[in-house]
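Trainee: have a look; sequence and predicted model below, questions after that.
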Amino acid sequence: MCGIIAYIGSREASPILIEGLKRLEYRGYDSAGVAVVSDSELHLTRSVGRVRGLEDQIIKEGVANGSIGIAHTRWATHGGVTVENAHPHLDDVKQGHSIALVHNGIIENYLTLKKWLEEKGHTFKSETDTEVLAHLVGELYDGDLELAVQAALREVTGAYAIAVVCAEEPDVMVVGRKGSPLMIGVGSHEYVVASDPSAIVEHTKQAFTLDDYSVAKLTRDSIRTSTIDNIEITPQILELELDLGQIELGEFDHYMLKEIHEQPDALQRSLQGRLDLRAGNVVLGGITDFARELATAKRVVFVGQGTALHAAMVGEFLIEGLAKIPTEVEFASEFRYRNPIVEPGTVVIAISQSGETADTLAAIEEAKQKGALTLGLVNVVGSTISRETDAGIYLRVGPEIGVASTKAFIGQLLVTTMLAAFIGRRRYLSQDELQMLLVSMGEIPAQVQSVIKQSDQIKAATSRYVNRDNWLFLGRGLNYPVALEGALKLKEISYIHAEGMPAAEMKHGPIALIDEGMPVVVVATRNSQYEKVLSNIEEVRSRGGHVIAVATEGDEEIRSLTEEVFWVPDVPEPLQPLLTVVPLQLLAYHAAVMRGKDVDKPRNLAKSVTVE
């Protein structure tokens, strides 16, 4: 959600900023803008729509050369999609200053600040909370941009990642952060600031994440980091674990398709070094120090949103099935606000691809306040959730650019399975039981590859139903969350209305929706509830619905009951979601392409939701 890129150095800023904005497009946005300082003047360009339009506008109008600038992609929160509401925002020029600011997050007390500034004579041109912050910095500016930003942030309630430049200090940039990600790349006589490492890695791999309630003053040859109370701090510069090739589209038409095809390699990376087949054990270094607390836990609570919540629901089945610990799943957005009961022995596990999901962060803060042990299952190294939790496990699936999560979801499933096995071995699982599970787990990457090879068949089947506007997705047990995920993927990127539910729930109301030819996707692998699912398929067929099944290879019985079948290898039940979700990802992808939708940038959606 929204993106920041900023540059200060010896090179021309505009091309770097535009390229950085393109790297950030996948996060979701509706407008974009650039501000460059040149000859002690601010040059501002903003537009509604795609970054390409902004780039064309800059080329047409011509922007003065400058080696310091800030840029932003906005996803509307306060105010509609207009040029006036696009970032960067300026302070009130009537006050005699010329400050430009970009901002991710939400200023919760902006109305109070706005009223105070209006009483001082400030006039606002937009509906945004961000412009209020720009005016506040301008009001407090007295010749030192760093001190003005620090003072302004001490008055702010909410979340922010900001980058600020000033015409009166043309060789200085100040950035700050609280609750919204911001990273500073350290180059040779230059710095690249961004809300996402994908916009930095082309220029340098040396970077650090700014801490909450801190700011950094950047010049071309120096950096000073401090708290908003002006207490100097020393950042820890790390090597970015990201290659430029990982974020390039390559031979694929869309990032989503590329990332579906990357899943076998992503799973292999996630497994590497974590399966000790000889000892029959799972090696998870990030949680080893808390093995005793996990083994004696009285209760586990998963928190997440969207796709991550579906991975958490699979986790509930796995923790209860393999480790025999009572487990529940909560929407992170609800957990914080309902005064949850967190008793001694409670473990709260947060799942998030980005590690920056605002609702999930808030849930973790609530859990820590109440004394829970907190774990984070995230993909992005150094992300806020990875730092705020007591311990955690990285997915290690590589960067995910497509807004609709695919390889991150399958990575979440795998890591959750390993976590359940890790705890289960310390409770009730025998070494032989775990060893057999681990052997099967090691075969999953190749089996996912075999499912992906059915893409053309899935495409052909999808074409027969793509014009239908209502779909049902059904599953039972571990495959119920998979049905939810399949429905979510279809509606996210193709805009087809789809509902996912437990197969048995269908006859308690939703069966009224089924009419002649309605596509009903049923995850019907051979497992402990197979016979029940067959009964549900018969109920659909008797009402004219057309069944598209995800079934176990060699199951001839299912073929006679369905219009379409997508096959997955036969694996132990705890591992089935790792395979059954793949055909549903491909179905959603092909449906979106056939309907002419923007697969990687679905409307109204953002990759990382960093505001509540």
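Mentor: Now that the structure is in, tell me what you want to look at.
Trainee: so how far is Ala312 from the nearest residue to Lys298 once chain neighbours are set aside?
Mentor: Setting aside the residues directly before and after it, Lys298 is nearest to Gly345 in space (C-beta to C-beta, 6 or more residues apart in numbering), at 3.3 Å. Backbone N, C-alpha and C define where each C-beta goes, glycine included. Counting by C-beta to C-beta, to the nearest Å, the separation of Gly345 from Ala312 is 19 Å.
Trainee: more neighbours: these two, which one.
Mentor: More neighbours surround Ala312 than the other of Gly345 and Ala312, with 28 against 15 (other C-beta atoms under 10 Å).
Trainee: let me see the contact set for the residue lying closest to the more buried one once chain neighbours are set aside.
Mentor: Distances taken as C-beta to C-beta, 6+ apart put Phe302 closest to Ala312, at 3.5 Å, once the chain neighbours are dropped. With contact set as C-beta atoms under 8 Å, 6 or more residues apart in numbering, Phe302 has these partners: 312-313, 315-316, 327-330, 348-351.
Trainee: in JSON lines, list those residues along with distance to Arg11 and secondary structure.
Mentor: JSON lines is the format used below for these (distance: C-beta to C-beta, whole Å; DSSP: H, G, I helix; E, B strand; the rest coil):
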{"residue": "Ala312", "distance to Arg11": "44", "secondary structure": "helix"}
{"residue": "Met313", "distance to Arg11": "48", "secondary structure": "helix"}
{"residue": "Gly315", "distance to Arg11": "46", "secondary structure": "helix"}
{"residue": "Glu316", "distance to Arg11": "51", "secondary structure": "helix"}
{"residue": "Thr327", "distance to Arg11": "52", "secondary structure": "strand"}
{"residue": "Glu328", "distance to Arg11": "52", "secondary structure": "strand"}
{"residue": "Val329", "distance to Arg11": "48", "secondary structure": "strand"}
{"residue": "Glu330", "distance to Arg11": "47", "secondary structure": "strand"}
{"residue": "Val348", "distance to Arg11": "45", "secondary structure": "strand"}
{"residue": "Ile349", "distance to Arg11": "44", "secondary structure": "strand"}
{"residue": "Ala350", "distance to Arg11": "39", "secondary structure": "strand"}
{"residue": "Ile351", "distance to Arg11": "39", "secondary structure": "strand"}
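Trainee: top of the residues you listed by number of neighbours, please.
Mentor: Of all the contacts of Phe302, the highest neighbour tally under other C-beta under 10 Å goes to Ile351, namely 33 neighbours.
Trainee: assumed Ile106 was part of a strand.
Mentor: Yes. In this structure, Ile106 lies within a strand as judged by DSSP: H, G, I helix; E, B strand; the rest coil.
Trainee: now stretch 67-80: mean pLDDT?
Mentor: Stretch 67-80 comes out with an average pLDDT of 88.
Trainee: I should have written stretch 469-482 there, sorry.
Mentor: Stretch 469-482 comes out at a mean pLDDT of 95.
Trainee: what about Val439, which helix or strand?
Mentor: When elements are assigned from DSSP states H and E, Val439 belongs to helix 431-442.
Trainee: please list all residues in contact with Thr462.
Mentor: If a contact means C-beta under 8 Å, 6+ apart, then Thr462 has 587, 590-591, 594 as its contacts.
Trainee: Lys601: which of those residues is nearest?
Mentor: Set against Lys601, the nearest of those by C-beta to C-beta is Ala591 (16.3 Å).
Trainee: now for Ile4: which residues touch it?
Mentor: 24, 70-72, 102-104, 161-163, 182, 193-195.
Trainee: repeat the analysis, applying 7 Å as the threshold.
Mentor: Applying C-beta atoms under 7 Å, 6 or more residues apart in numbering to Ile4 gives the contacts 72, 102, 104, 161, 163, 182, 193-195.
Trainee: next one: it from Lys258, what distance?
Mentor: In this structure, Ile4 and Lys258 are 25 Å apart, going by C-beta to C-beta.
Trainee: go on, Asp92?
Mentor: For Asp92, the distance to Lys258 under the criterion C-beta to C-beta works out to 46 Å.
Trainee: try Ile70
Mentor: As defined by C-beta to C-beta, Ile70 lies at a distance of 30 Å from Lys258.
Trainee: Tyr191 too?
Mentor: Distance from Tyr191 to Lys258, counting by C-beta to C-beta: 30 Å.
Trainee: those two: which is more packed in?
Mentor: When Tyr191 is set against Lys258 and neighbours are counted by other C-beta under 10 Å, the residue ahead is Tyr191, at 26 against 21.
Trainee: quick one, what contacts the residue nearest to that one when sequence neighbours are not counted?
Mentor: Excluding its sequence neighbours, the residue lying closest to Tyr191 (C-beta to C-beta, 6+ apart) is Leu218, at 4.8 Å. By C-beta under 7 Å, 6+ apart, the residues touching Leu218 are 8, 173, 191.
Trainee: please list only the buried members of the contacts of Thr462.
Mentor: Under a neighbour-count criterion of 16 or more other C-beta atoms under 10 Å, the subset of these counted as buried comprises 587, 590-591.
Trainee: for the stretch 251-400 of the chain, what spans make up the helices?
Mentor: Counting by DSSP state H, counting those that start in this stretch, the stretch 251-400 of the chain forms helices over residues 255-261, 263-271, 291-295, 307-318, 332-335, 358-369, 384-388, given from the N-terminal end onward.
Trainee: avg pLDDT for the shortest one?
Mentor: Helix 332-335 comes out with an average pLDDT of 92.
Trainee: what of the second one?
Mentor: The average pLDDT within helix 263-271 is 95.
Trainee: which residues are contacting that helix?
Mentor: Where contact means C-beta under 7 Å, 6+ apart, the residues beyond helix 263-271 that reach it are 395-398, 406-407, 410-411, 414-415, 441-442, 444-446, 448-449.
Trainee: which ChimeraX command selects the buried ones in those residues?
Mentor: Filtering these down to the buried ones (16+ other C-beta under 10 Å) takes a single ChimeraX command:
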select :395,396,397,398,406,407,410,411,414,415,441,444,445,448
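Trainee: so which of the contacts of helix 263-271 are in strands?
Mentor: In strands, defined here by DSSP state E, there are no members of these.
Trainee: sorry, back to before: including pLDDT, distance to His254 and secondary structure, could the contacts of Thr462 go into TSV?
Mentor: TSV is the format used below for those (pLDDT from 0 to 100; distance: C-beta to C-beta, whole Å; DSSP: H, G, I helix; E, B strand; the rest coil):
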residue	pLDDT	distance to His254	secondary structure
Leu587	98	15	helix
His590	97	11	helix
Ala591	97	13	helix
Met594	97	13	helix
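Trainee: closest to Gly53 out of these?
Mentor: Nearest to Gly53 out of the contacts of Thr462 is Met594 (C-beta to C-beta; 26.7 Å).
Trainee: who touches the closest one in this structure?
Mentor: Applying C-beta under 7 Å, 6+ apart to Met594 gives the contacts 462-463, 466.
Trainee: identify, from the residues you listed, the entry nearest to Ala167.
Mentor: Looking across the contacts of Met594 and measuring by C-beta to C-beta, the closest to Ala167 is Val466, at 53.5 Å.
Trainee: and that closest one, what's its pLDDT?
Mentor: Model confidence at Val466 (pLDDT) stands at 95.
Trainee: over to Gly28?
Mentor: On the pLDDT scale, Gly28 is placed at 68.
Trainee: with Ile247 instead?
Mentor: pLDDT, read off for Ile247, is 69.
Trainee: am I right that Pro170 is in a strand?
Mentor: Yes. Assessed by three-state DSSP, Pro170 belongs to a strand.
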